[in-house]
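Visitor: Can you look at this prediction? I've put the sequence above it.
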Amino acid sequence: MTSRLFRPTLIALAVSLGTVTAGMASAAEPMDHSMHSSAAAPAADEAQPASTTKPSSAKQYGGEGAPMDHAAMGHGAMQSTQSGQMGAMDHSKMDQGGAQDAPRTTSRTPIPVLTDADREAAFPPLAGHAVHDDAINSFFLLDQLEYQAADEGSVLSWDASGWIGGDIDRLWLRSEGERTNGVTEDAEIQALWGHSIGPWWDVVGGVRQDFKPSSPQTWAAFGLQGMALYAFEAEATAFIGENGQTAARLEGDYDILLTNRLILQPTAEVNFYGKNDPARGIGSGLANTEVGLRLRYEIRREFAPYIGVTWNRAYGNTADLLREEGGDVSEARFVAGIRMWF
């Protein structure tokens with residue numbers, strides 16, 4: 001009898017539970033999870049054994065460890081589109097060999113041959129700019145006109161040169177000598193024809209005339225002159241005199257610019273003779289040398305006073321002849337003079 005009393009109660013509870021369950025199901029229907037990659041997860045879970053634990057909601061909705069469904073994200077369409085575009089590009093029609101071709105040796109546009117008329121039109125002759133080879137010019141340099149304080153008295157010494165002619169061929173004139181106590185001890189003049197063999201060098205040939213010492217003497221002269229190492233003025237001259245006498249002379253000088261106007265000039269001269277000539281006080285071999293050092297100030301480029309010192313020395317047979325006459329073999333002299341050119 002008791003079971004009969006509880007039966008209606010159980011039926012009422014069952015109906016209530018069914019109503020609650022149906023309400024919960026209807027409340028959950030608006031949430032659509034079809035767009036998530038885990039939409040197929042419940043079906044897979046149903047196929048698993050009951051003892052298998054279902055994945056947490058975090059894994060179901062893209063959490064750590066959840067598989068990503070790329071098919072649902074539309075990558076397949078993107079790949080197919082890209083492959084279709086790449087497939088449409090025909091690389092066989094692309095010219096890839098041009099970069100490896102040899103360089104072009106001919107012009108795309110032919111260039112006409114240059115003619116004399118074209119050159120004349122491009123570079124017309126200018127008035128007043130003709131070649132100056134045939135022009136006659138001249139130059140004169142009084143390199144040394146100086147007083148020297150010598151042991152035997154005061155000495156007036158000179159060394160001059162000049163030329164007249166064109167750029168290739170010129171007539172050169174040289175003269176040097178000295179007077180001691182008003183008496184001419186040495187004097188000579190040279191007339192040489194010079195021909196240019198380069199930008200810096202001339203060959204020369206002509207005559208030399210000695211007036212002192214002793215009686216006059218004539219020499220044939222030939223040599224080379226110019227600028228050595230772009231800085232040293234140099235002269236090398238050989239002479240053939242009367243009675244078979246021979247001689248050679250080497251001269252050189254160099255300008256050291258201390259300032260634009262103050263210039264230090266070292267000089268050197270060496271003389272050789274082929275045989276003895278006692279009448280002129282000359283011995284064979286190396287006869288004498290002269291080394292000088294002069295400091296000048298160019299008031300103008302054409303005019304410069306200077307002071308300096310020179311050393312003279314005789315050698316060999318020339319020194320012996322000088323001793324016999326009571327002279328000094330070596331001597332230092334103070335000098336003062338002017339240098340000018342025009």
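Guide: All right, it came through fine. Numbering: from 1, shown residues only.
Visitor: now the strands: where do they sit in this structure?
Guide: Applying DSSP state E to the chain gives strands spanning 137-150, 153-165, 169-180, 183-196, 201-212, 217-228, 232-241, 246-253, 256-257, 262-273, 285-297, 303-314, 330-341.
Visitor: need these in TSV with mean pLDDT, distance to residue 119 and mean neighbour count, can you?
Guide: Any C-beta I mention is one placed from the backbone N, CA and C, and that applies to glycine too. TSV is the format used below for these (pLDDT from 0 to 100; distance: least, C-beta to C-beta, whole Å; neighbours: other C-beta atoms under 10 Å):
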stretch	mean pLDDT	distance to residue 119	mean neighbour count
strand 137-150	96	31	16
strand 153-165	96	32	17
strand 169-180	96	31	17
strand 183-196	96	29	16
strand 201-212	96	34	17
strand 217-228	96	35	17
strand 232-241	96	41	18
strand 246-253	97	46	16
strand 256-257	96	43	10
strand 262-273	97	46	18
strand 285-297	97	49	17
strand 303-314	97	47	18
strand 330-341	97	41	16
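Visitor: out of these, nearest to residue 111?
Guide: Of all the strands of the chain, the one in closest proximity to residue 111, counting by C-beta to C-beta, is strand 183-196 (40.2 Å).
Visitor: Pairing partners for that closest one, with directions?
Guide: Strand pairing for strand 183-196, using DSSP bridges, gives strand 169-180 (antiparallel), strand 201-212 (antiparallel).
Visitor: Now distance to residue 142 too, for those, in JSON lines please.
Guide: Listed next are these as JSON lines, based on distance: least, C-beta to C-beta, whole Å:
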{"stretch": "strand 169-180", "distance to residue 142": "10"}
{"stretch": "strand 201-212", "distance to residue 142": "19"}
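Visitor: how near is the closest residue to residue 256 other than its chain neighbours to residue 341?
Guide: Spatial nearest neighbour of residue 256, excluding adjacent residues (C-beta to C-beta, 6 or more residues apart in numbering): residue 264 at 4.4 Å. In this view, residue 264 and residue 341 are 18 Å apart by C-beta to C-beta, to the nearest Å.
Visitor: List of residues touching stretch 172-189?
Guide: 148, 150, 152-163, 190-194, 204, 206, 208-213 (C-beta atoms under 8 Å, 6 or more residues apart in numbering).
Visitor: same question, stretch 267-276
Guide: 244-253, 282-294, 317-318.
Visitor: repeat for stretch 323-337
Guide: 144-151, 155, 157, 281, 292, 294, 305-314, 319, 322.
Visitor: ok, now stretch 192-206?
Guide: 163, 165, 167-174, 190-191, 207, 220-227, 230, 237.
Visitor: For residue 123, give me phi and psi.
Guide: The phi/psi pair for residue 123 (degrees, to the nearest 10) reads phi -130, psi 80.
Visitor: residues near it, how many?
Guide: Residue 123 has 8 neighbours, counted by other C-beta atoms under 10 Å.
Visitor: That one and residue 114, how far apart?
Guide: Counting by C-beta to C-beta, the gap from residue 123 to residue 114 is 12 Å.
Visitor: Equivalent analysis for residue 338, please.
Guide: 57 Å.
Visitor: got it, and residue 171?
Guide: 43 Å.
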